[in-house]
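Asker: Provided below are the primary sequence and the corresponding predicted coordinates.
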Amino acid sequence: MNWFTAAFKKYTVFSGRARRKEYWMFYLFMMIFMLITCILDVLVGSYGLITGLFGLAVLLPSLSLTIRRLHDTGRSGWWCFITLVPVVGAIAFFVFTVLPGNFGDNQYGPDPKKIEL
């Protein structure tokens with residue numbers, strides 16, 4: 001849960017780097033909460049209003065975290081736009097987020113694994 005709240009604390013930080021664990025734990029909790037909001041929408045009959053509001057609430061934190069994750073692999077945040085290419089773009093983006101980050105410092109900042117040790 002700390003990974004989820006940490007992304008909200010740094011929701012406007014688009015510089016620096018984010019580890020794989022930080023990225024994937026955030027998305028795991030986001031999907032769990034999204035499932036809960038979908039169930040609430042069905043139970044309450046709000047036609048997706050709760051899920052839509054939650055989606056808006058996590059939009060900026062997820063974008064900043066994704067850009068920091070790309071920075072960790074040595075790529076610019078502009079690589080997010082590769083997802084606009086059908087099928088191939090989504091696969092390439094997934095590979096970028098699964099790859100380990102650059103060892104040591106890179107142009108986007110110090111290695112987040114070294115900072116945590």
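Answerer: Good, I have the coordinates.
Asker: which non-adjacent residue is nearest residue 13?
Answerer: If the residues on either side of it in the chain are set aside, residue 13 comes closest to residue 64, at 5.8 Å by Cβ to Cβ, 6 or more residues apart in numbering. From N, CA and C alone the C-beta is placed, and that goes for glycine too.
Asker: and if you look at residue 19?
Answerer: Distance criterion Cβ to Cβ, 6+ apart; nearest residue to residue 19, sequence neighbours excluded, is residue 112 at 4.8 Å.
Asker: then the helix or strand hosting residue 57 to CSV, C-alphas only?
Answerer: If you go by DSSP states H and E, residue 57 is part of helix 49-72. This file holds the C-alpha atoms of helix 49-72, laid out as CSV (Å, rounded to 0.1, in the frame of the first residue of the first chain):
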residue,chain,number,x,y,z
LEU,A,49,-19.5,7.5,-12.1
ILE,A,50,-17.4,6.2,-9.2
THR,A,51,-15.0,4.4,-11.5
GLY,A,52,-14.7,7.5,-13.7
LEU,A,53,-13.9,9.7,-10.7
PHE,A,54,-11.3,7.2,-9.5
GLY,A,55,-9.8,7.1,-13.0
LEU,A,56,-9.5,10.9,-13.0
ALA,A,57,-7.9,10.8,-9.5
VAL,A,58,-5.2,8.4,-10.5
LEU,A,59,-4.5,9.9,-14.0
LEU,A,60,-1.7,12.3,-13.0
PRO,A,61,0.0,10.1,-10.5
SER,A,62,0.1,7.2,-12.9
LEU,A,63,1.4,9.4,-15.7
SER,A,64,4.2,10.8,-13.6
LEU,A,65,5.1,7.3,-12.3
THR,A,66,5.1,5.9,-15.9
ILE,A,67,7.4,8.7,-17.1
ARG,A,68,9.8,8.1,-14.1
ARG,A,69,9.7,4.3,-14.9
LEU,A,70,10.7,5.1,-18.5
HIS,A,71,13.5,7.3,-17.2
ASP,A,72,14.8,4.4,-15.2
